[in-house]
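Student: Predicted model, plus sequence, below.
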Amino acid sequence: MDSKIGAITVAGAAAATNGHISNGTLCTLPENGHHVSTIQTTSSIPSAAAEYSSTLGSHIARRLVQIGAADVFSVPGDFNLTLLDHLIAEPGLKLIGCCNELNAGYAADGYARSRGVGACVVTFTVGGLSVLNSIAGAYSENLPVICIVGGPNSNDYGTNRILHHTIGLPDFSQELRCFQTVTCYQAVVNNLEDAHEQIDTAISTALKESKPVYISIACNLAAIPHPSFSREPVPFSIAPRLSNKMGLEAAVEAAAQFLNKAVKPVMVGGPNLRVSNASKAFIELADASGYVFSVMPSAKGLVPENHPHFIGTYWGAVSTPFCAEIIESADAYLFAGGLFNDYSSVGYSLLLKKEKAVIVEPNRVVIANGPTFGCVFMKDFLKALGKRLKCNTTAYENYYRIFVPEGKALKGSPKEALRVNILFEHIQNMLSDQTAVIAETGDSWFNCQKLKLPKGCGYEFQMQYGSIGWSVGATLGYAEAAKDKRVIACIGDGSFQVTAQDISTMIRNGQNSIIFLINNGGYTIEVEIHDGPYNVIKNWNYTGLVDAIHNGEGKCWTTKVRCEEDLVEAIGTAMGEKKDCLCFIEVIVHKDDTSKELLEWGSRVSSANSRPPNPQ
């Protein structure tokens with residue numbers, strides 16, 4: 001911390017650094033359909049906040065409002081109840097109770113994708129370890145989530161006492177140790193003297209690093225005032241990260257020389273465009289250079305797909321048609337924010353060569369597997385490089401020479417069993433700048449990748465972590481954050497069984513998302529990697545389940561479809577008379593009805609998973 005007591009320094013992260021400072025307020029704007037948080041200073045805090053007692057609990061509440069987390073997802077437990085009282089008392093904050101901690105964390109994840117930051121509050125150990133998986137997912141996806149845990153009474157630390165909600169040992173650090181590997185900062189607040197500094201440092205670190213943080217608050221401290229929690233909030237100070245000037249100039253010079261010598265260079269955007277807040281700079285580079293560009297699958301939605309030089313998703317053997325051929329045949333490719341793992345590389349089968357690549361990471365640049373330039377930030381580099389590249393449209397011209405438009409799915413006979421490709425043809429027609437797509441892990445990854453997103457249409461999925469069930473909580477959180485969009489979630493039956501409960505929270509909070517429950521009787525993505533009886537699940541009456549959860553309270557509409565005629569009617573109802581309702585459409589399809597991309601991807605991932613041990 002610097003000499004400004006409690007000042008928060010924010011830089012670079014997905015949280016809020018693309019804004020304009022005016023009259024003491026950092027205002028941030030949505031970029032390419034993705035909202036980022038608004039960080040307010042004293043002048044824009046609701047005056048009512050100052051009327052509340054300056055307690056530890058009210059301080060946390062105020063800080064959450066300041067950074068843009070106006071909704072907090074929670075599950076009550078005896079160690080966090082007093083803290084929850086103080087969060088509720090903050091006029092700018094809405095507390096959303098979830099059915100379980102896992103979904104509360106997933107909701108904070110989804111919220112952070114839209115607002116730039118999310119928050120959840122759970123209780124000690126039984127709650128903390130339950131939310132842990134979702135926090136690990138947020139860490140893998142570079143999302144700043146503030147995970148707050150109500151901890152033991154401060155008097156119990158160091159007493160050798162055994163408490164409930166623990167494993168029966170007088171060691172209160174078990175939860176902390178678990179969180180150390182999936183958060184970028186941990187604060188255990190069990191005294192008031194340094195509480196202000198610990199909390200503010202944790203929040204600032206989350207925003208700066210764009211990663212989750214862990215804050216444990218002793219249960220007996222939340223209601224206690226302290227002079228450091230001044231009635232008027234201490235304003236945040238915003239300190240942007242700056243590239244090393246000489247390093248930036250050298251990186252741009254080297255990259256420009258390399259790319260300007262190429263005959264048919266191309267560009268590929270990756271998921272770290274988000275954490276670097278560099279989507280706009282990436283498009284500006286494409287405009288200046290004339291290069292065609294694509295995105296890695298986990299970056300879908302981060303750049304506009306209506307751009308004339310956009311050629312689809314680069315995903316090796318399961319890429320958008322004609323995209324991989326153009327990317328892999330290029331003599332130079334610039335990857336901005338790329339993330340390569342066994343899933344995104346389709347079992348390590350990409351036909352790329354490092355010596356042809358300019359790799360732009362969030363804070364460094366590597367050219368042709370050789371010179372590396374550190375302390376060079378992605379947005380600065382892309383903006384500066386655009387001024388140095390010669391316009392080269394060769395790859396663009398080559399793409400349109402070989403491009404053949406995709407055919408439409410075969411038309412079904414009247415009342416014929418619905419096929420998945422027909423389903424997604426109709427989902428495509430639902431998309432607009434007022435919608436957002438949430439794609440669950442599974443075949444929806446591949447079917448949703450083929451959707452052509454209109455300008456302003458949101459898109460989210462969790463590829464790096466790939467935790468099944470993520471989408472239910474993420475839909476809850478995203479819909480709460482992006483009230484200007486109607487969320488369309490595509491969820492498999494296997495994934496839905498993991499986290500179905502928080503449909504209840506969606507109804508309770510008046511959300512109007514449309515959920516397509518794709519019922520094919522099992523874990524299809526696992527089937528295509530390695531089949532076995534464990535991939536078959538008990539079939540539920542999913543619409544009946546949601547009706548039972550609805551229980552006549554709130555707005556919810558369900559239907560079950562088996563053919564295209566039913567689907568057309570269901571979509572018409574959901575988009576028309578039920579537009580203000582949560583709409584749950586169960587789609588019955590054949591267990592073997594999968595995308596061709598999943599079949600290809602599954603066989604390659606299976607091959608990678610089954611490689612024999614290297615000889616000793």
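Tutor: Okay, I see it.

Student: What average pLDDT does stretch 496-510 get?
Tutor: Mean pLDDT, computed over stretch 496-510, is 97.

Student: Now that stretch: buried residues?
Tutor: Neighbour-count burial for stretch 496-510, counted by 16 or more other Cβ atoms under 10 Å, picks out 496-509. All C-beta atoms are positioned from the backbone trio N, CA, C, and that covers glycine.

Student: Now tell me what touches it from outside.
Tutor: For stretch 496-510, contacts defined as Cβ atoms under 8 Å, 6 or more residues apart in numbering pick out 96-100, 102-103, 106-107, 440, 468-470, 472-473, 475-476, 479-480, 513, 515, 517, 537, 540, 542, 545-546, 549-550, 553-556, 582, 584.

Student: from the residues you listed, which would you call buried?
Tutor: 96-100, 102-103, 106-107, 440, 468-470, 472-473, 475-476, 479-480, 513, 515, 517, 542, 545-546, 549-550, 554, 556, 582, 584.

Student: So which of the contacts of stretch 496-510 sit within helices?
Tutor: 102-103, 106-107, 470, 472-473, 475-476, 479-480, 542, 545-546, 549-550 (DSSP state H).

Student: What strand or helix carries residue 445?
Tutor: Mapping residue 445 onto the secondary structure by DSSP states H and E places it in helix 443-449.

Student: mind checking how far that helix is from the chain centre?
Tutor: How far helix 443-449 lies from its chain's middle: 16 Å, per Cα atoms, centre = their mean, to the nearest Å.

Student: Could you check how sure the model is about that helix, as an average pLDDT?
Tutor: Mean predicted lDDT for helix 443-449 stands at 89.

Student: Give the partner strands of whichever helix or strand comes after it in its sheet and their orientations.
Tutor: Next in sequence after helix 443-449, counting helices and strands by DSSP H and E, comes strand 458-461. The strands beside strand 458-461 in its sheet (DSSP bridges) come out as strand 435-439 (parallel).

Student: Now do the partner strand and helix 470-481, the angle between them.
Tutor: For strand 435-439 against helix 470-481, the angle by axes from the mean of the first three to the mean of the last three Cα atoms, to 10 degrees is 160 degrees.

Student: any idea how far the closest residue to residue 86 other than its chain neighbours lies from residue 242?
Tutor: The shortest distance from residue 86 to any residue other than its chain neighbours is 2.6 Å, reached at residue 57 (Cβ to Cβ, 6 or more residues apart in numbering). Per Cβ to Cβ, to the nearest Å, residue 57 is found 36 Å from residue 242.

Student: between those two, who's got more neighbours?
Tutor: Each of residue 57 and residue 242 has its neighbours counted (other Cβ atoms under 10 Å); residue 57 has more, 26 against 12.

Student: Three-state assignment for the more buried one, please.
Tutor: What DSSP: H, G, I helix; E, B strand; the rest coil gives for residue 57 is helix.

Student: if I read this right, it contacts residue 81, doesn't it?
Tutor: No. At 10.9 Å, residue 57 does not count as touching residue 81 under the criterion of Cβ atoms under 8 Å.

Student: rewinding a little: wait, which of the ones in helices among the contacts of stretch 496-510 is closest to residue 261?
Tutor: Within the ones in helices among the contacts of stretch 496-510, the smallest distance to residue 261 is 43.4 Å, found for residue 470 (Cβ to Cβ).

Student: okay, the closest one: pLDDT?
Tutor: For residue 470, pLDDT reads 97.

Student: Next one: the residue lying closest to residue 433 once chain neighbours are set aside from residue 304, what distance?
Tutor: Nearest residue to residue 433, sequence neighbours excluded (Cβ to Cβ, 6+ apart): residue 456, at 3.1 Å. In this structure, residue 456 and residue 304 are 8 Å apart, going by Cβ to Cβ.

Student: before we move on, what about residue 146?
Tutor: Separation of residue 146 from residue 304 (Cβ to Cβ): 30 Å.

Student: okay, these two: which has more neighbours?
Tutor: residue 146 (27 against 17).

Student: Pretty sure the more buried one sits against residue 217.
Tutor: No. No contact is recorded between residue 146 and residue 217 when judged using Cβ under 8 Å, the distance being 11.7 Å.
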